[in-house]
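Student: Here is the input, now give the coordinates:
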Amino acid sequence: MPILTQPLLDRIHGRAAGYDRDNAFFTDDFDELVAAGYTRALVPASLGGGGLTLAELVREQARLARAAPATALAIGMHLIWTGVAKTLQDRGDDSLDFVLREAAAGEIYAFAISEAGNDQVLFASTTVAEPRAGGYAFTGTKVFTSLSPVWTRLGTFGLDTTSPDAPKLVHGVIVRDQPGIEVLPDWDTVGMRATQSHSTRLSEAIAVDKRMLRRLDPGPNADPLVFGIFANFEILVAAVYAGIGDRALELAAAAATSRVSSATGRPRSEDPVVRWKIADAAMARDALWPRLDAPAAAVDSAATDPSADLGDQWFRQLTGLKLAATTTARFIVDQAIAVTGGGTYAASSELGRLYRDVLAGGFHPSSADSVHSTVATSILGPIPAEPPASHHTTEETP
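Tutor: Here you go, the predicted model:
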């Protein structure tokens, strides 16, 4: 059953332009979403949550993004962590159940993975993780930390280089109310402004043992935590951009039917070029949604249905989905702008705001380069560490 009512979405939509204009956090949206139980959407009903499946949440996230993309993207970062916990719980792993219990109690989780210059994302870290009695101390700077004004829990990771079995990538959860956490007020961007995704500087910030999630070898890893993060991040981010595409198509259709050509005196909706552009955008939208629904449903069912498990094709499908969603959304927005005309260049234009918001899609992991590398590896295999020795001989001329 949907959590987001249409009156709630209408109110959120009505506030989106102001948050963008003021570069302000979506405070009223956040308060209403918490009150509606949206931050507990993926928490099982037995723990006091909404009990939604990932596939159901995908549709909710797209509806929210149609109303306010930045609100959807930011709240989605909290939902990703609850999704990771649910994915593991569905597979019999209770190591993140405390995340579900805390989310049910009102704690807000931020996603602190990205680091400037770290293009390996989950497979490496520039943050230092030092073992301490009773936990780990994290030192480093995380970028794009959405929900900066309100998060109470920080899901993060760093590199342990000092333990006997080092190096190890160490994942843990840091509680905000402690020393060593500084939120840098550096979020002044072209789009997705209301997310207020400030950088977070950690200086020996402690994650205690009971909040430690994993110690893993650097590099690609088949651990369920890594799978859970990839699956929920790529799918829920893709849902936001699918929602942007849906809204852009709605705006294009509305503009085509309401505008009249000065040359012909007839509605723009009767212009063959306009009709072609809208049809092209709609076909791209229609091709995206099955591609988004299928992996979300597979994540939900693969724990109990072996036929739904994509095995070694998961990462190819997930990273490809995110790239398809962000590029498709941008294509639809471009077509909508071409149909709507110069009015979208105004700062007050909703379609102009969607144009700025959709640009953020290229900065979320996985990048286009990384996706193509992943897909190529799944087909051709990895590139050898060293080129094979040449079997050619050189003939000398006497």
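Student: In a strand, residue 155, correct?
Tutor: Yes: note on residue 155: a strand contains this position according to DSSP: H, G, I helix; E, B strand; the rest coil.
Student: which strand residues sit across from it in the sheet?
Tutor: Under DSSP bridges, the beta-bridge partners of residue 155 are residue 111, residue 173.
Student: residues near it, how many?
Tutor: Taking other CB atoms under 10 Å as the criterion, the count of residues near residue 155 is 26. Every C-beta, even on glycine, is put in place using the N, C-alpha and C of the backbone.
Student: Count the residues that sit near residue 214.
Tutor: A count of nearby residues for residue 214, using other CB under 10 Å, gives 17.
Student: Excluding chain neighbours, give the residue nearest to it in space.
Tutor: Of all residues beyond its chain neighbours, the one nearest residue 214 is residue 171 (4.5 Å), with distances taken as CB to CB, 6 or more residues apart in numbering.
Student: contacts for the strand or helix carrying the one you found?
Tutor: Secondary-structure element containing residue 171, defined by DSSP states H and E: strand 168-175. Under the contact criterion CB atoms under 8 Å, 6 or more residues apart in numbering, strand 168-175 has outside partners 99, 109, 122-125, 129, 135-136, 138, 152-160, 181, 202, 205-207, 211-218, 225.
Student: If you count neighbours, what's buried in stretch 221-233?
Tutor: 223, 224, 225, 226, 227, 228, 229, 230, 231, 232, 233 (16 or more other CB atoms under 10 Å).
Student: Pick the one among the residues you listed closest to residue 197.
Tutor: Using CB to CB, residue 233 is the member of those that lies nearest residue 197, at 14.3 Å.
Student: Output the contacting helices and strands for the host helix or strand of the closest one.
Tutor: Element membership of residue 233 [criterion: DSSP H and E] is helix 224-258. For helix 224-258, the helices and strands in contact under the criterion 3 or more CB pairs under 8 Å, 6 or more residues apart in numbering; DSSP states H and E are helix 54-67, helix 69-90, strand 212-216, helix 272-301, helix 314-340, helix 350-358.
Student: With mean pLDDT as extra columns, can I get the ones you listed in CSV?
Tutor: As requested, these are exported to CSV (pLDDT from 0 to 100):
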stretch, mean pLDDT
helix 54-67, 98
helix 69-90, 98
strand 212-216, 97
helix 272-301, 96
helix 314-340, 96
helix 350-358, 98
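Student: Please render those as JSON lines that adds distance to residue 12 to the earlier fields.
Tutor: Written out in JSON lines, the entries for these read as follows (distance: least, CB to CB, whole Å):
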{"stretch": "helix 54-67", "distance to residue 12": "5"}
{"stretch": "helix 69-90", "distance to residue 12": "6"}
{"stretch": "strand 212-216", "distance to residue 12": "32"}
{"stretch": "helix 272-301", "distance to residue 12": "22"}
{"stretch": "helix 314-340", "distance to residue 12": "19"}
{"stretch": "helix 350-358", "distance to residue 12": "13"}
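Student: so what are the domain limits for the chain?
Tutor: According to automatic domain parsing, the chain is divided into the following domains: 6-107, 111-216, 224-380.
Student: Can you list the low-confidence ranges for the protein?
Tutor: Low-confidence segments of the chain, defined by pLDDT under 70, are located at 387-398.
Student: what's the single longest strand in it?
Tutor: Under DSSP state E, the strand in the chain containing the largest number of residues is strand 199-208.
Student: quick one: the helices in the stretch 1-150 of the chain?
Tutor: 6-22, 27-35, 54-67, 69-90, 97-104 (DSSP state H, counting those that start in this stretch).
Student: Can you say which of those is nearest to residue 282?
Tutor: Across the helices of the stretch 1-150 of the chain, residue 282 has its closest neighbour in helix 54-67 (15.2 Å, CB to CB).
Student: could I get the closest one in CSV with only the CA atoms?
Tutor: This file holds the C-alpha atoms of helix 54-67, laid out as CSV (Å, rounded to 0.1, in the frame of the first residue of the first chain):
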residue,chain,number,x,y,z
LEU,A,54,12.2,-2.8,-2.6
ALA,A,55,10.0,-3.1,-5.8
GLU,A,56,7.2,-1.2,-4.1
LEU,A,57,9.6,1.5,-2.8
VAL,A,58,11.0,2.0,-6.3
ARG,A,59,7.5,3.2,-7.3
GLU,A,60,7.2,5.4,-4.3
GLN,A,61,10.6,7.0,-4.8
ALA,A,62,9.7,7.8,-8.5
ARG,A,63,6.4,9.4,-7.3
LEU,A,64,8.3,11.5,-4.8
ALA,A,65,10.9,12.5,-7.4
ARG,A,66,8.2,13.7,-9.8
ALA,A,67,7.2,16.1,-7.0
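Student: That concludes my questions; thank you for your assistance.
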